[in-house]
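*Asks:* Sequence and computational prediction follow.
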Amino acid sequence: MIQWWQILLLTLYAGFQIMDELHWYSSAGSAVFSGFITGLIMGDMATGLFIGGSMQLTILGVGTFGGASRIDANSGTLIATAFAVSAGMDPEQALAALGVPVAAILVYTDILGRMANTFWGHACDADIEKMNWNSYNIHYWMGAVSWCLSRMIPVFLALAFGQPLVEAITTALNGDLAWLGTGLTVAGGMLPAVGFAILLRYLPVKKHIAYLILGFVIAALLGTAFTSIATVGGDAATIAGALNGLLPEDAAVAVGGGYKNLSMLTVALIGFALAYIYYQQHQNAPVAAVSAGAEGDDDDEL
C-alpha cells in the first residue's frame, strides 16, 4: 500500500520534474532520474532504476520539435515504479502495462498545460504593454503552475485512487490472465530495442556504419569485462592459494587456462570496421593525387 507521505512526495516531484525539463535542465526531468527518485521514496531503488532505464532507452529516438507533444516518460516511470513496488508487480510487466499507457495518456494533460500556458503568455504580453509589472509577475508564475498541475493532478489521482485497480490487474495477470502477463513481460523487455530502432532510423547509420559496429563491439566487450570483475576478484585469492607449491611452468598453465580468447566474430567485426574507416578516408586520395599531378604538369608547361 502506498503511504500518504509517499503520495505527497511523488506528487511534488511530478510537478518539479516537468519544470526541470522545461527550465532548469538539471537532468532531474529524465526517466532514469524519475525511476531513481521514485525507487528511493518507495524503498526499492533497484526496481526504480530498472524501469527508469528501460523507459529511457524506449524514448531514445523520440523528441519534440517546436510545440509538439510527446509521451510523458517521466510520469509513466513514476507510476510504473510506484505500483510495481507497492503491488509486487514484475518490473517489465509494470513498464508495459502501466508505464507506457500512462505516458501516452499524459500527452493530453501536456496539451492542456500548453494551452493554459498560452493563455498566461498573452496575459503577460498585455501586462508589458500596460507596464503593469505586478500583474506580470503573477501571470508569469501562473504559467509555471499550469505546467506543474498538468503532471501533479493525474499523478496524485492515480496514486491515491488507483491502488485497488492496479492490485486487481496484478492478481488477474498472475492468475487467469497469466498468458497476457507473460506477453506484457516480453513486450516490456522489447521496448528498449524499439527505442534503439527509432534512434537508428534518424541517425546517419549508412555513412557511419563502421563506428556503429565498433561502438557495439566495444560496449559488449566492456560489459563482459565489468560483469566479470566480481568473479575475477573473488577468484584471485583462490588462484593465489592454489598456485602455492606449483612449479613456475605449472602456474603459467593454470593461470592461462582460466582465460578465453576473443571470438573470431568479434575480431572480424573490429577488422571490418577499421578497414571500412580506412577505405572511406582514402577512397578519394588517388583522385586528389592525380589532380595535383595534372596541375603540376600544367605549371611545368607554362
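*Replies:* Now that the structure is in, tell me what you want to look at.

*Asks:* A158: neighbour count?
*Replies:* By other C-beta atoms under 10 Å, 25 other residues sit near A158. Every C-beta, even on glycine, is put in place using the N, C-alpha and C of the backbone.

*Asks:* for stretch 156-173, what is the average pLDDT?
*Replies:* The pLDDT scores in stretch 156-173 average 85.

*Asks:* who touches that stretch?
*Replies:* With contact meaning C-beta atoms under 8 Å, 6 or more residues apart in numbering, stretch 156-173 is reached by 1-2, 6-7, 10-11, 14, 79, 82-83, 86-89, 93, 97-98, 102, 180-181, 184.

*Asks:* Buried among those? Make that a ChimeraX selection.
*Replies:* In ChimeraX syntax, the buried subset of the contacts of stretch 156-173 is picked out as below (16 or more other C-beta atoms under 10 Å):
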select :2,6,7,10,11,14,79,82,83,86,87,89,93,97,98,102,181,184
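
*Asks:* Now intersect the contacts of stretch 156-173 with the helices, please.
*Replies:* Mapping the contacts of stretch 156-173 onto helices (DSSP state H) picks out 6-7, 10-11, 14, 79, 82-83, 86-87, 93, 102, 180-181, 184.

*Asks:* Next, L60: secondary structure please.
*Replies:* Assigned by DSSP: H, G, I helix; E, B strand; the rest coil, the conformation of L60 is coil.

*Asks:* Go ahead and confirm it touches A193.
*Replies:* No - using C-beta atoms under 8 Å, L60 makes no contact with A193, being 10.5 Å away.

*Asks:* more neighbours, the two?
*Replies:* L60 (16 against 11).

*Asks:* list the contacts for that one?
*Replies:* Applying C-beta under 8 Å, 6+ apart, we find L60 in contact with 195-196, 198-199.

*Asks:* Quick check: of those residues, which has the highest neighbour count?
*Replies:* Counting neighbours by other C-beta under 10 Å, G195 comes out on top of these with 20 neighbours.

*Asks:* I'd like to know how far that residue sits from A273.
*Replies:* 23 Å (C-beta to C-beta, to the nearest Å).

*Asks:* Name the helix or strand of the chain that has the lowest mean pLDDT.
*Replies:* Least confident element among the helices and strands of the chain, by mean pLDDT, DSSP states H and E: helix 248-256 (a mean of 47).

*Asks:* Extract the C-alpha set from the helix or strand that that helix is followed by and format it as PDB.
*Replies:* Toward the C-terminus, helix 248-256 is succeeded by helix 264-282 as the next helix or strand (DSSP states H and E). What follows is helix 264-282, C-alpha atoms only, in PDB (Å, rounded to 0.1, in the frame of the first residue of the first chain):
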ATOM      1  CA  MET A 264      36.500 -14.800 -34.400                       C
ATOM      2  CA  LEU A 265      33.300 -12.900 -35.000                       C
ATOM      3  CA  THR A 266      34.500 -10.100 -32.600                       C
ATOM      4  CA  VAL A 267      37.900  -9.900 -34.300                       C
ATOM      5  CA  ALA A 268      36.200 -10.000 -37.800                       C
ATOM      6  CA  LEU A 269      33.800  -7.100 -36.900                       C
ATOM      7  CA  ILE A 270      36.600  -5.000 -35.500                       C
ATOM      8  CA  GLY A 271      38.800  -5.700 -38.500                       C
ATOM      9  CA  PHE A 272      35.900  -4.900 -40.900                       C
ATOM     10  CA  ALA A 273      35.100  -1.600 -39.100                       C
ATOM     11  CA  LEU A 274      38.700  -0.400 -39.200                       C
ATOM     12  CA  ALA A 275      39.100  -1.400 -42.800                       C
ATOM     13  CA  TYR A 276      35.900   0.400 -43.800                       C
ATOM     14  CA  ILE A 277      37.100   3.500 -42.000                       C
ATOM     15  CA  TYR A 278      40.400   3.400 -43.800                       C
ATOM     16  CA  TYR A 279      38.600   2.900 -47.100                       C
ATOM     17  CA  GLN A 280      36.400   5.900 -46.500                       C
ATOM     18  CA  GLN A 281      39.300   8.100 -45.600                       C
ATOM     19  CA  HIS A 282      41.400   7.100 -48.600                       C
END
